[in-house]
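Colleague: Need a 3D model of the following:
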Amino acid sequence: MLIDDRGKERIAAEVFRILEEIGLKVETEEIRRALTAIGCVEKAGHRIAIPKKIIEEIAARQKKAQAEDAAVQELYYTCNIDWTQAILWRHEVDKVKQALDDKLLVSAFDCGPTKYYDYRQKKTVGVDTGIFIEMKKLAQATPEVGYVANWYRSDVPPRLERLDSLILAFEYTDKSAGVEAIYPEVIKYLKEASDILTGASDDEPGTYLAGAECIIPPLILDDRSGRDILERNKCGIRKYHVASMGALAISLPITIAGAVAVSAAEILGGWAAVCAVDPEARFNARAISNSTDMRTGEPTYSGPEIHLINMGVKEIFDEFYGGHCWVDVFFSPSVTNPGLKAVYENFYGSMARARLTGKTDIPYIGVGTLGNGAVGSPTQLMLDIEIRKSQFSLKDRVDTSDRELAYDEIASVVLGGQSFLSTPLTRQGCRKLWKSAVLSARSGGGADESAITETSILDACDAAWRENIKKNYEYPGLDKDRRRALDRLLEKARRELLDS
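Modeller: A predicted model of the protein is given here:
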């Protein structure tokens, strides 16, 4: 527990005070009208004062499903939040939990990079359709990848890109993520595409519509998020994911307690807006604060303060507001090139969460992203997966069957004066010992050809992902009927979004 009982009560009181006295700025008029209709008060500058009573009603509602949500949250320690959201909305929680008992499965490239790190050229480039397809093939060809985020393509018109990328992804993999509706007017098309892909009934529309209603810090529900809420409700997609993404010392107070209070108030304000528009909505939250390196002006999700803020927000929600607040183990390294620095940031994130929660089995959290999530690197992904493999191979129990006790082999070797290497059991066992060609890759050049260096490891990782695709990629693509239906939908969207 980070915050003692008295401290939690003080923060909760501060949250109510922020919402009632300062209020949430709401840029969308229809959302403001909905909030005032349920008892909120509009103040100057489009700020909406949200009474304590409304927050308490929301909290009481969330508490009814708090235990169920907490059980689902356990998945994101292994699967990361984006994949876990998809698992929840696709009703695959039990299926994935069972699969994870037997094999290693990881998420790749959360939350969808906009840039690609070209390891051979040692530079970052924009994502085009060729890179997008290659990353989908990589995910399909890599057995440890259970889910892959959709990268953002720069060679497709922005208003059409998310829909086009969702459809294109399923031509190359069945592990693809949903997509955010950057433009709310695309939501109806993403809903229809989801229904074509899944055959979903009206009871669960929009399976592949991901994303969040992000609060602009400090305390602003901007018009994009407001229209997103309205459009989801209009389309019957009654699931919402409100996110607070403040920056310490810039859009959040420099103090941990103050930052926790503001972040919590932002999420609760967003929840109030959702409930005002859609009283039957299902919703959760995500706290993703960051900091700024004052030497460079660059944002970072690393550092102890960030973990304290995010986990502090989660503790407040678990105590007072019915839980449903999801917090990444670690969002992404800030460094933009693969290697040791990225590994350090990922390891620090996993270690910090383990220490703050007492969950000692939280795995290494790397998913191939760099640059605060904006840069994707398949080279880094291969390194991240290799580290996860080594952790997965460490089992938490010892087999004590007759075969494993191996008395007959012990007697034979000892009494016969032999080596254990001479026995079939040992030879079979040696083949099963965990080993990594990637992490033991040698330089093969220079003064010491036997040296294992950061460069030699990264070279091996870069070669590994390319070889993965070459050797393992197979996928039949979409069936003709669904492909034709999606093509018609894409053309209809193109006419409305681009030609009109």
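Colleague: Please make it C-alpha for all contacts and neighbour counts, starting now.
Modeller: Noted.
Colleague: Can you show me the helices along the stretch 101-250 of the chain?
Modeller: 129-141, 158-169, 187-198, 223-234 (DSSP state H, counting those that start in this stretch).
Colleague: looking at the ones you listed, which is closest to residue 456?
Modeller: helix 129-141 (21.3 Å; C-alpha to C-alpha).
Colleague: Off-centre distance for that closest one?
Modeller: 19 Å (C-alpha atoms, centre = their mean, to the nearest Å).
Colleague: as a whole number, average confidence for that helix?
Modeller: On average, the pLDDT along helix 129-141 is 98.
Colleague: try stretch 182-201
Modeller: On average, stretch 182-201 scores 90.
Colleague: From the rest of the structure, what touches it?
Modeller: 159-160, 162-163, 167, 181, 205-209, 224, 227-228, 231-232, 235, 482, 485-486, 489, 493 (C-alpha atoms under 8 Å, 6 or more residues apart in numbering).
Colleague: now swap in stretch 211-219 and tell me
Modeller: Against stretch 211-219 from outside (C-alpha under 8 Å, 6+ apart): 23-25, 179-181, 221-222, 225-226, 228-229, 240-247, 251-252, 262, 265-267, 270.
Colleague: Now the terminal residues of that stretch, how far apart.
Modeller: This stretch, stretch 211-219, spans 19 Å end to end (C-alpha to C-alpha, to the nearest Å).
Colleague: swap in stretch 389-408?
Modeller: By C-alpha to C-alpha, one end of stretch 389-408 lies 32 Å from the other end.
Colleague: Could you give me the buried positions within that stretch?
Modeller: Judged by neighbour count (16 or more other C-alpha atoms under 10 Å), stretch 389-408 contains these buried residues: residue 389.
Colleague: Could you do stretch 157-171 as well?
Modeller: 158-171.
Colleague: Those into JSON lines, with extra columns for distance to residue 305?
Modeller: JSON lines is the format used below for the buried residues of stretch 157-171 (distance: C-alpha to C-alpha, whole Å):
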{"residue": "158", "distance to residue 305": "35"}
{"residue": "159", "distance to residue 305": "37"}
{"residue": "160", "distance to residue 305": "38"}
{"residue": "161", "distance to residue 305": "36"}
{"residue": "162", "distance to residue 305": "34"}
{"residue": "163", "distance to residue 305": "37"}
{"residue": "164", "distance to residue 305": "39"}
{"residue": "165", "distance to residue 305": "36"}
{"residue": "166", "distance to residue 305": "36"}
{"residue": "167", "distance to residue 305": "40"}
{"residue": "168", "distance to residue 305": "40"}
{"residue": "169", "distance to residue 305": "37"}
{"residue": "170", "distance to residue 305": "40"}
{"residue": "171", "distance to residue 305": "42"}
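Colleague: Got a PyMOL select line for the buried ones in the contacts of stretch 182-201?
Modeller: The buried residues among the contacts of stretch 182-201 can be selected in PyMOL (16+ other C-alpha under 10 Å) with this line:
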select buried, resi 159+160+162+163+167+181+205+206+207+208+209+224+227+228+231+232+486+489+493
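Colleague: give me the low-pLDDT residue ranges for the stretch 251-400 of the chain?
Modeller: Within the stretch 251-400 of the chain, no range satisfies pLDDT under 70.
Colleague: can we see that at 80?
Modeller: 297 (pLDDT under 80).
Colleague: could you pull out the strands for it?
Modeller: Remark: strands assigned in the stretch 251-400 of the chain by DSSP state E, counting those that start in this stretch are 282-287, 291-293, 298-300, 325-326, 369-370, 375-376.
Colleague: can the helices of the stretch 101-250 of the chain go into CSV with extra columns for distance to residue 283?
Modeller: CSV is the format used below for the helices of the stretch 101-250 of the chain (distance: least, C-alpha to C-alpha, whole Å):
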stretch, distance to residue 283
helix 129-141, 29
helix 158-169, 22
helix 187-198, 17
helix 223-234, 11
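Colleague: looking at the ones you listed, which is closest to residue 332?
Modeller: Closest among the helices of the stretch 101-250 of the chain, once you apply C-alpha to C-alpha, is helix 129-141, at 18.3 Å.
Colleague: Export the closest one to CSV, keeping only CA atoms.
Modeller: Output of helix 129-141 as CSV, limited to C-alpha atoms (Å, rounded to 0.1, in the frame of the first residue of the first chain):
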residue,chain,number,x,y,z
THR,A,129,2.2,0.2,-46.3
GLY,A,130,5.2,-2.0,-47.0
ILE,A,131,6.5,-1.7,-43.4
PHE,A,132,2.9,-2.2,-42.1
ILE,A,133,2.5,-5.5,-44.0
GLU,A,134,6.0,-6.7,-43.0
MET,A,135,5.2,-6.2,-39.3
LYS,A,136,1.9,-8.1,-39.7
LYS,A,137,3.8,-11.0,-41.3
LEU,A,138,6.3,-10.9,-38.5
ALA,A,139,3.5,-11.2,-35.9
GLN,A,140,1.9,-14.1,-37.8
ALA,A,141,5.2,-15.9,-38.2
